[in-house]
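Peer 1: Predicted model and sequence below, questions to follow.
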Amino acid sequence: MCLVGLHSPSMAGIDYLVIKGGDAEEEEPIATSIVSSAYTENDRVNPDVLVYTGQGGHADKDKEASDQKLERGNLALEKSLHRNNAVRVIRGLNLKEATHRVKIYVYDGIYEIKEAWIEKGKSGHDTFKYKLVRAPNQPPGFATWTEIQSWKTGKSPRRGLILPDLTSGVESVAVSLVNEVDSENGPSYFTYSTTVKYSMSFQLTQPSSGCADEDASEEVSEEPILPLPLIISAKNIGNVARFMNHSCSPNVFWQPVSYENNGQLYLHVAFFAISHIPPMTELTYDYGVSRPTGAQNGNPVYGKKRCFCGTQYCRGSFAFCYLLNLYIHYLITGSGSDCFWFTGKLTMEGNFGSYTDKTRVLDIKPLRTLRPVFPSGNQAPPFVCAPPFGPFPPGFSPFYPFSSSQHTPDLNQAQNPPQHQPHNSSEPSLVTPLRTFRSPPDTTTSNGDVEPSTVKRKITKKRTPLVCPENFSSGISVADRENGNRKLVTSVIMRFDALRRRFSQLEDAKEAVSGSIKRGDLKAGSTCMSRGVRTNTKKRPGVVPGVEIGDVFFFRFEMCLVGLHSPSMAGIDYLLVKGGETGEEPIATSIVSSGYYDNDEGNPDVLVYTGQGGGNADKEKQTSDQKLERGNLALEKSLLRNSPVRVIRGLKEASQSAKIYVYDGLYEIKESWVEKGKLGHNTFKYKLVRAPGQPPAFASWIAIQKWKAGLPSREGLILPDLTSGVESIGVSLVNDVDAENGPPYFTYSTTVNYSESFKLSQPSSGCHCSNACKPGNLDCHCIRKNGGDFPYCGNGVLVSRKSMVHECSPSCPCSACKNKVTQMGVKVKLEVFKTVNRGWGLRSWDPIRAGSFICIYAGEAKDKSKMQQTMGDDDYTFDTTRVYTPFKWNYELGLADEDGSEEMSEEPELPLPLVISAKNAGNVARFMNHSCSPNVFWQPVSYEHNGQLYLHVAFFAMSHIPPMTELTYDYGVTRPSGTQNGNTLYGIRPLSISQIVEDVLSCLSPVGYVM
C-alpha cells in the first residue's frame, strides 16, 4: 500500500496531509486514508458502516493506558468531518492459511465521516470514535468478502449451488459446483482424481535418482524444458484444473514439476498464481498456440476454448511468469495416453462449430485491489508469564507444587545466565554420545528431597499457602488420594472442569466490564490442589491407576490433578530413586511432547524428543547449550535402567482454539545423542519407541487427520455426508462390520416441527439489547430468565445444568450474542457407524470438551396423550416424562466459596410434557444409543420466536470425549401399568425388541433403577 501510494504509513492506521485552512489561514491536517485492523460483528450486519477507534493510548489492543488526544490522525479525521472530505478505507482481515494466519488488506473504496464522539474505553480512558459510511455506487469490496464468509459458515446459502463438494471428499478442501446463469445441472460426467496416470504405452526412458549437488552458478531459465513431449488428457478422469479457461492476461501459469520414485522420473504440470488473486476472480492461464503443417493462411489454429477477448486466433500473453507471490498450486491430472486436455488443445481443429462458449462470468464483482502485505508495526505489550514462585497476577495464589516449602525437582526451571561458549559454525555437527556430558560438581547442600543442582534459587517473596476451609470435605480418603482408580480419576477431572467453567463464567462477566482476561483453569487447579480434590499423589513410573490410554486433556492442570504428569509447565517429570554415585538419581516418569519441535519420523509409534533448557529450544530460539541435569539427566538414567516413560502428545486441532493433550501410553527410550541446533548450540535428542501391545491413541488421531484430508478414504465409508449438505459439517455414514448399506430411509432435518395439535400456551418475548447481551444486565429478558448470568462460557461451553436454559432468539437484535449456542448447529465432525450388536451408533472424529454442545433432538413434537398407542411402534422417540438417573454435574458451591443455600436444581423442568418423534424426520441424535454410564446428557433449551416459546432437547458432553468414542446418553425408564414383578420397563431405542429386553435386563438394578 505504501509503494503504490494508497496508504503511506507503514505502521500508523491514519494517513493525512496538511493543507491551508482553519483559523487565520493556518495549516490544518485532513485524513486521506485509514486502515481498519479490527473485524467486529457489526461488519457482518452492515459491511458498509464502520465505527473506527482513534489512535493513541494503545486503544487498538483494548488496553488503553491514557486518554487519546485530539492531535495528528485524530485531528485529521475531525477536520475531514467538518470539511466533508471523503476518506479511503482499507480493511484488515485475518486469513487462515495452511500452517499459519496472515493478515491481508482489502481496499474498500471511499467512505464519508458522518459522526465523531468520545467515549470511555474498557479501562476508563477517553477514546475517539468515528462513524464512517461507504459512499454509494461503488463496486462491492469488503461486502463480497463478508458474503463469502457467510457461505463458508453456512449462515447463508450460496446462490446457485449444485454440489457442496464436486470431489466427493477426494480433496481435503471441498470444491463447490455452482450455476447461477441457467438451468444446466453440471458438466459432463468424469472421474475425479488427484494424480497423473501413466499408461503402459507412455514410459519415461531416462532413469532418475534423488538428491545430488548441482552447479548453481548458471542463470536459471524460466522457459519449461521437459525430457519429452508430455500430453495429459482429463477427458474421462481429472481434477479441477480441467475447468480453467484461457485468457490473454492470465493470472495463473504452469510449471513442470518432476520427482523420482523407484528410479523412474515422474512429470507433472503444476499451476501457480502469477500475482495476488482476489476472491471470486476466475482463474485462467495461457493455452498457447501451435503452427502445424495444416495451418490456414499461415495463422495458428487455436485450442478448444477461447480467450475472454472472443477471438479465435488470439496469441495470448505469457509475459508475467516471473512475478512473485505464488499462492495457488493445482496439479493437472488425468491419463497420459491421448491428447484431449493440456496439449490436446494444440491439435488441429479446422471446424469450430462444436465450440462451447464458457467465457460467461458470474455476476459477482471480484475484489481487484489486494496489495502485498507488509509486517505490521503495531507494538503490542509483551506477554508476561508469572514465575512459578511468584509474584502472581491479582486474584491468584501460589498453587501446587509451589505452595509448600519443599519443591519438587521437576519444576526447577530458573537458571543463571549461561556462559556463551564459542562455536565454529563451519565445523560439521558431529553426533556425540550423551554419556560424555556431565554437569559440574555441585557445591551446594542438598536436603535429600531435591536433586543436586548447579543452580541456586533465591526466593525473596514470602508465599502464603492456601488454606482449606474447615467446612469443606473433598470426599476423597487419604488412601484414594494416594492411589486412584478409573471412577475417581473421572470424578476429579469433572469436578475440576465444573469449577473451571464457573470461574470462567465469572471472569467473562468481569471482562465485559474491565477488559481484563484471567485464566479460570489456573485458579480452579490451585483450588483443587489445596483442598484435596486430586488423586494419584504418589509419584510413580509406568501405568497410573485409573488413567487410560487415549484419554484427552484440555488443560495441563488436569494431568497434574490425576497424577499423570505433575509439572504444570515443564515438559519432563521425574522422581528420585536410590542408586548412582550420590545415593540418589532421577528417572523420568512422563514427558509432554508439545509438537513444536518433536519429530515422529513419519511413524506415530516413534518419537524423537528434544531435551529441555537452553532458552526456548522448543521454539528454535536456543540461546545456550543444554545441560545434562534435571529432566535431561532423568531421561538419560531411564535409558540406562530401561525404565519406560509415559508420553503425552500435545496436539492442536483446526477446529479447536487451544491445545489438546492425548495420553499415548508407555514408551521405551532407545537412543540418546547430542546435535547442534540451528543456532549452533548443543541440543539433547532422545529416540523413544512405543511399547507394543497397547491400544492405539496418537496413531488413531493421525488416521483421522488423513481421513479428513481424503488420504486415504475412511474404511467402510458408505456416504461422505449423510445430511446432503444440511449440516455445515458433513456427517459420514460408515459400516465396517457387515454388508448393510445404511439405516432405513428418513428425512434429515435440524429443527423440531411442532404439529397443530401441539401448542405451547404461554407467550414469550425476547430481549431488546442493541449489541451483545451482557452478564448481570437484568434489563435483558434473556439474562434475567437465566438468573443474571450467561449459561455458557465465552467459547460456547455450558457452565451448569439447569431446569431450563433460555437462549436469545433469532429475532433478538443482539446479533453478536454468545447466548445462541444450540441454534448454530453441529460444530464437530460426527460419524454414524454400524456397531457390532447395538445397531447404528454415533461418534465423533473430533475430541469433545466437557459441556460442549453436540446436537439437538430434531423431529416432530407430539402430544403424548394422543400417541400412547403408537409409541410402541416408534423406535425413535424422545420422551421428557421418563425417569432419568440423577447425577451431579455442576460445580460445588463449597469448592467455589459460594453460599450453599443458593444451589440451583439440575433436574429438567418443562412447562408441559414434550415428546419428539424422529421416526420419519430427524437428525443425528436419533442414532445415539443408551448406556448405563453415558458420556452425554440432555438439557432443555428454550427461546422465543414471534412471541411463541419453542422448546428443544439439546445434548451436551458430560465429560471429555476422545475421538471415535461412541456417544451415548441415558434413555430413562417409565413405569407403565403393565410392569412385571415391580420392575420398570426400559425406554425405547433404535434396536429390535429382543435386543432392547436383553440390554434392559443387564442395565437394571435389583430395585429397578439404573445404576
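Peer 2: Sure, I can see it.
Peer 1: for the chain, longest strand please?
Peer 2: strand 101-120 (DSSP state E).
Peer 1: Show me what that one packs onto, helices and strands only.
Peer 2: helix 72-83, strand 86-96, strand 126-134, helix 142-153 (3 or more CB pairs under 8 Å, 6 or more residues apart in numbering; DSSP states H and E). C-beta here means a position set from N, CA and C on the backbone, and glycine is covered the same way.
Peer 1: I'd like these written out as CSV, with distance to Tyr884, mean neighbour count and mean pLDDT added.
Peer 2: Converted to CSV, the helices and strands packed on strand 101-120 look like this (distance: least, CB to CB, whole Å; neighbours: other CB atoms under 10 Å; pLDDT from 0 to 100):
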stretch, distance to Tyr884, mean neighbour count, mean pLDDT
helix 72-83, 60, 20, 91
strand 86-96, 41, 17, 85
strand 126-134, 51, 20, 91
helix 142-153, 34, 16, 84
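Peer 1: Out of those, flag the one nearest Tyr686.
Peer 2: Taking CB to CB, strand 86-96 is the member of those nearest to Tyr686, at 33.4 Å.
Peer 1: Sheet partners, orientation included, of that closest one?
Peer 2: strand 27-36 (parallel), strand 101-120 (antiparallel) (DSSP bridges).
Peer 1: Let me have those in JSON lines, extended by distance to Asn753, mean neighbour count and mean pLDDT.
Peer 2: What follows is the strands paired with strand 86-96, written out as JSON lines (distance: least, CB to CB, whole Å; neighbours: other CB under 10 Å; pLDDT from 0 to 100):
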{"stretch": "strand 27-36", "distance to Asn753": "43", "mean neighbour count": "21", "mean pLDDT": "92"}
{"stretch": "strand 101-120", "distance to Asn753": "41", "mean neighbour count": "16", "mean pLDDT": "89"}
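Peer 1: Of those strands, which is nearest Asn179?
Peer 2: Each of those has some distance to Asn179 by CB to CB; the shortest is strand 101-120, at 26.9 Å.
Peer 1: now the closest one and helix 142-153, what's the angle there?
Peer 2: 120 degrees (axes from the mean of the first three to the mean of the last three CA atoms, to 10 degrees).
Peer 1: Could I have the CA atoms of strand 101-120 written out in PDB?
Peer 2: C-alpha atoms of strand 101-120 as PDB (Å, rounded to 0.1, in the frame of the first residue of the first chain):
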ATOM      1  CA  ARG A 101      -2.600 -17.000  10.000                       C
ATOM      2  CA  VAL A 102      -1.700 -13.900   8.000                       C
ATOM      3  CA  LYS A 103      -3.400 -10.600   7.700                       C
ATOM      4  CA  ILE A 104      -4.500  -9.300   4.300                       C
ATOM      5  CA  TYR A 105      -5.800  -5.900   3.400                       C
ATOM      6  CA  VAL A 106      -8.700  -5.100   1.100                       C
ATOM      7  CA  TYR A 107      -9.200  -1.700  -0.300                       C
ATOM      8  CA  ASP A 108     -12.900  -1.000   0.200                       C
ATOM      9  CA  GLY A 109     -13.300   2.400  -1.500                       C
ATOM     10  CA  ILE A 110     -14.300   5.800  -0.400                       C
ATOM     11  CA  TYR A 111     -16.100   6.500   2.900                       C
ATOM     12  CA  GLU A 112     -17.700   9.600   4.300                       C
ATOM     13  CA  ILE A 113     -17.300  10.500   8.000                       C
ATOM     14  CA  LYS A 114     -20.700  11.100   9.400                       C
ATOM     15  CA  GLU A 115     -20.200  11.400  13.200                       C
ATOM     16  CA  ALA A 116     -17.500  11.800  15.800                       C
ATOM     17  CA  TRP A 117     -17.700  11.400  19.600                       C
ATOM     18  CA  ILE A 118     -15.700  10.500  22.700                       C
ATOM     19  CA  GLU A 119     -16.500   7.500  24.900                       C
ATOM     20  CA  LYS A 120     -14.900   5.800  27.900                       C
END
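Peer 1: for the stretch 651-800 of the chain, what spans make up the strands?
Peer 2: With DSSP state E, counting those that start in this stretch as the criterion, the stretch 651-800 of the chain has strands at 660-676, 682-690, 717-719, 732-734, 747-748, 752-754.
Peer 1: what about the residue lying closest to His930 once chain neighbours are set aside, neighbour count?
Peer 2: Leaving out its chain neighbours, the residue that sits closest to His930 by CB to CB, 6 or more residues apart in numbering is Tyr971, at 4.2 Å. Neighbour count of Tyr971, defined by other CB atoms under 10 Å: 25.
Peer 1: Surely Tyr971 is in contact with Arg882?
Peer 2: Yes. If you go by CB atoms under 8 Å, Tyr971 and Arg882 touch, sitting 7.3 Å apart.
Peer 1: Longest helix of the protein, counting residues only.
Peer 2: Counting by DSSP state H, the longest helix found in the chain is helix 486-514.
Peer 1: next helix or strand past that helix?
Peer 2: Using DSSP states H and E, the next helix or strand after helix 486-514 towards the C-terminus is helix 520-530.
Peer 1: any idea of the mean pLDDT for that following helix?
Peer 2: For helix 520-530, mean pLDDT is 90.
Peer 1: what's the closest of the strands paired with strand 86-96 to Gln694?
Peer 2: Per CB to CB, nearest to Gln694 of the strands paired with strand 86-96: strand 101-120, 35.8 Å.
Peer 1: The closest one vs helix 72-83, what angle?
Peer 2: Using the same axes, to 10 degrees, strand 101-120 lies at 70 degrees relative to helix 72-83.
Peer 1: start the count at 795, not 1, going forward
Peer 2: Let's use 795 as the start, then, which means that last one is strand 895-914.
Peer 1: Quick one: work out the angle between strand 895-914 and strand 920-928.
Peer 2: 120 degrees.
Peer 1: helix, strand or coil for the residue nearest to His1040 when sequence neighbours are not counted?
Peer 2: Nearest-residue entry for His1040: Tyr1081, 4.1 Å, with adjacent residues in sequence omitted and distances by CB to CB, 6+ apart. Here Tyr1081 is recorded as coil under DSSP: H, G, I helix; E, B strand; the rest coil.
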